[in-house]
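1. make a model of this:
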Amino acid sequence: MELKQDWRKFHAVFHPGRRLGLSDYSKVQKKRTENAHLSPIVVVAERDQSGVLRCLMAYGDGLDLMEFVGATLSEIQDQHPNRILHALERGAVDQAMSRAITGSQIGETSFHDQVDSLRQAAVPVWSAGQLGANGERSSSFVSRSLFAKDAGSSPPSGERVSWDEYAQGHFLLEALKKAAGGSVFPRRFGLLIRLEGSLDQRASGWGSMSMGSESRFYRDFFVVLSQGRLDQFHAPDFTSIDAAFTHDLGYLARSLGEKYIIPVYGLSAPVELWNQWSSADAPWKELWRGLRSRKAEVSPESPALMLWLAWKRWTA
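-> Predicted structure coming up:
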């Protein structure tokens, strides 16, 4: 039986760097050390009677920050000088969560929509530790309204502090949501993602799979987008398909299209390449390079789709 929304597999596919197995632990630790500035500390803070922002709760990848409850933001940063710190004000966070939950209760949004709305609304009221062009950490502090658009004001361009990958969705998924209903994609369509891996990767936390050769396996994940929203996402069931066709990406995409009565596109890539795209600074260029070298595959390889991918390569 298929689940309409399989969150565990969703995060394993679209956030691969956060769900690596134990065999990859040393690689994860090395990457975190090398890219510490890309993993911020995010704090929900509230002002005390003197107007000072104090931590109510904090999260940082690979960090235990419970001891900083009640601490000032400067105290947190002093202890973690290699991290960018973003603080969100409690009142604005509560309002954003209330709006998201209310919309869900009246059937307008799914849980994924709630996460999207919170992510888009989250703008730090206090940030520090932004890296300069030379890679050195800036000591400047930026104060601004949590919802600058709602307040009708925004900081000067030189003071903007960008959200990193933790405040962004996966590059491919976000682009497809925006493109739904456009000149290339219909309002409702599906995407089959097929990741090819080795048996040692299977042993490090990969869930459901289908075997390929003796040393390779495939992991499939299917998403349905409707009017720019993520409607369904789960591992597809191919048990009823003839084994002779289970390696044909185009055939599998057509089978899902017939089952769900929607156009379905397929994308196949080695898991190493997919993980590289997911963490790259210029993922569209890496994706295009993978397609041109035939390390990755899309189906159907229509002119419109290829032109869209080429356009994303130069504009994203």
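2. would you mind measuring from Tyr251 to Pro263?
-> 15 Å (Cβ to Cβ, to the nearest Å). Placement of C-beta: from N, CA and C, glycine included.
3. low-scoring stretches of the stretch 151-300 of the chain, by residue?
-> 151-168, 198-216 (pLDDT under 70).
4. quick one: buried residues of stretch 80-88?
-> His80, Arg83, Ile84, Leu85, His86, Ala87, Leu88 (16 or more other Cβ atoms under 10 Å).
5. so can I have CSV of these showing distance to Glu272, pLDDT and secondary structure?
-> Supplementary listing: those in CSV, determined by distance: Cβ to Cβ, whole Å; pLDDT from 0 to 100; DSSP: H, G, I helix; E, B strand; the rest coil:
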residue, distance to Glu272, pLDDT, secondary structure
His80, 31, 85, coil
Arg83, 28, 79, coil
Ile84, 28, 79, coil
Leu85, 32, 84, strand
His86, 31, 83, strand
Ala87, 36, 87, strand
Leu88, 35, 86, strand
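6. now distance to Ser299 too, for those, in a markdown table please.
-> Putting the buried residues of stretch 80-88 into a markdown table (distance: Cβ to Cβ, whole Å) gives the following:
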| residue | distance to Ser299 |
| --- | --- |
| His80 | 46 |
| Arg83 | 42 |
| Ile84 | 40 |
| Leu85 | 44 |
| His86 | 40 |
| Ala87 | 45 |
| Leu88 | 42 |
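7. so Pro124, which of the three states?
-> When classified by DSSP: H, G, I helix; E, B strand; the rest coil, Pro124 comes out as coil.
8. hmm, I was thinking of Leu225
-> strand.
9. wait, Pro40 sits on Leu88?
-> No. Pro40 lies out of contact with Leu88 (Cβ atoms under 8 Å); the separation is 11.5 Å.
10. what's the single longest helix in this protein?
-> If you go by DSSP state H, the chain has its longest helix at helix 90-105.
11. now it against strand 85-89, angle please.
-> 70 degrees (axes from the mean of the first three to the mean of the last three Cα atoms, to 10 degrees).
12. helices along this structure, start to end?
-> For the chain, the helices defined by DSSP H occupy 7-14, 25-34, 73-79, 90-105, 111-121, 148-151, 171-179, 199-202, 249-260, 271-279, 283-292, 303-315.
13. adding mean neighbour count and distance to Arg219, write those out as CSV.
-> Shown next, in CSV, are the helices of the chain (neighbours: other Cβ atoms under 10 Å; distance: least, Cβ to Cβ, whole Å):
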stretch, mean neighbour count, distance to Arg219
helix 7-14, 17, 8
helix 25-34, 12, 19
helix 73-79, 17, 38
helix 90-105, 14, 30
helix 111-121, 16, 21
helix 148-151, 12, 39
helix 171-179, 17, 16
helix 199-202, 16, 9
helix 249-260, 18, 13
helix 271-279, 18, 7
helix 283-292, 18, 17
helix 303-315, 13, 22
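14. so for Leu53, which of the ones you listed sits nearest?
-> helix 73-79 (5.4 Å; Cβ to Cβ).
15. CA atoms only for that closest one, dumped as CSV, please.
-> Taking Å, rounded to 0.1, in the frame of the first residue of the first chain, the C-alpha atoms of helix 73-79 are listed here in CSV:
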residue,chain,number,x,y,z
LEU,A,73,22.3,36.3,21.5
SER,A,74,25.8,37.7,21.9
GLU,A,75,26.6,35.1,24.5
ILE,A,76,25.6,32.3,22.1
GLN,A,77,27.7,33.8,19.3
ASP,A,78,30.7,34.3,21.6
GLN,A,79,30.6,30.5,22.2
